[in-house]
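Peer 1: Here's my sequence, what's the structure:
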Amino acid sequence: MLRVAVLISGGGSNLRALLEASADAGYPAHVVAVGADREASGLAHAEEFGIPSFVVPWRGAGEREAWGAELDAQLAAWQPDLVVLSGLMRLLPPASVRRWSGRLLNTHPAFLPEFPGAHGVRDALQSGVRETGASIILVDDGVDTGPVIVQERVPILPGDDEHALSERIKLVERRLLIDVVRRISTGELDLTAVR
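Peer 2: Prediction:
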């Protein structure tokens, strides 16, 4: 069974979907720990499902390396096979990216490389495009620049605001994340082959 750790900053809707999937005895992965960079409301999902959680508070850009080292130590205690950044609104320091290289995923609410960064949904709406998307990527040292594992288009509908579009994208993100983790768990998806 694949051991998964999930890192969040907010409400953890993708985390909840993964916890619900892993509660099914037939799902080949299990969330072993949930971490956050603040007292995020999504930690309540971990508590509800009986999953251990931890917080490593963000201490500012000048402390990024020390924050990353503490985060790595917390993660390592749970021996995850895979680490999923699901709404973690911090860039991991390069040492952390190297430590978890090849088993560090990120969900992003856009069809990368379109609209990287913290405001992908807002940026898509402001650009006037007719569609955006959801992506699951391997993390590298850039901002949403890692190799794409899977992605799917999501239409922008007339009258969409940021909330409505974000909620539709989350539905796709959840489905993609659950499937990617399942495929990694069963060996159908080899992350070493993702370029």
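
Peer 1: Once you drop chain neighbours, what's closest to the most centrally placed residue in the chain?
Peer 2: What sits nearest the mean C-alpha location of the chain, by Cα atoms, centre = their mean, is Ser86, with 2.4 Å. Setting aside the residues directly before and after it, Ser86 is nearest to Asn14 in space (Cβ to Cβ, 6 or more residues apart in numbering), at 4.2 Å. (C-beta placed from N, C-alpha, C; glycine too.)

Peer 1: how far away is the one you found from Glu65?
Peer 2: Between Asn14 and Glu65 the computed distance is 27 Å (Cβ to Cβ, to the nearest Å).

Peer 1: ok, the two, which is more surrounded?
Peer 2: Neighbour totals were compared for Asn14 and Glu65, and Asn14 leads with 25 against 12 (other Cβ atoms under 10 Å).

Peer 1: Return the distance of stretch 28-47 from the chain's centre.
Peer 2: Chain-centre distance of stretch 28-47: 12 Å, with Cα atoms, centre = their mean, to the nearest Å.

Peer 1: Any idea how far apart the tips of it sit?
Peer 2: Distance across stretch 28-47, first residue to last, is 21 Å (Cα to Cα, to the nearest Å).

Peer 1: Enumerate the positions of that stretch that are buried.
Peer 2: 28-37, 40, 42-43, 45-46 (16 or more other Cβ atoms under 10 Å).

Peer 1: again with stretch 154-168
Peer 2: By neighbour count on 16+ other Cβ under 10 Å, the buried set for stretch 154-168 is Val154, Ile156, Asp160, Leu165, Ser166, Arg168.

Peer 1: Shouldn't the residue nearest to Ser86 be within a strand?
Peer 2: No - applying DSSP: H, G, I helix; E, B strand; the rest coil, one finds Asn14 to be helix, outside a strand.

Peer 1: my guess is it meets Thr107, correct?
Peer 2: Yes - at 5.6 Å, Asn14 and Thr107 qualify as touching, with contact defined as Cβ atoms under 8 Å.

Peer 1: picking that back up, in strands only, show me the buried residues of stretch 28-47.
Peer 2: Using DSSP state E, Ala29, His30, Val31, Val32, Ala33, Val34, Gly35, Ala36 are the members of the buried residues of stretch 28-47 that sit in strands.

Peer 1: so what's the fifth one closest to, chain neighbours aside?
Peer 2: With sequence-adjacent residues excluded and distances taken as Cβ to Cβ, 6+ apart, Ala33 is closest to Trp78, at 4.1 Å.

Peer 1: List phi and psi for the one you found.
Peer 2: Dihedral angles of Trp78 (phi, psi; degrees, to the nearest 10) stand at phi -100, psi 0.
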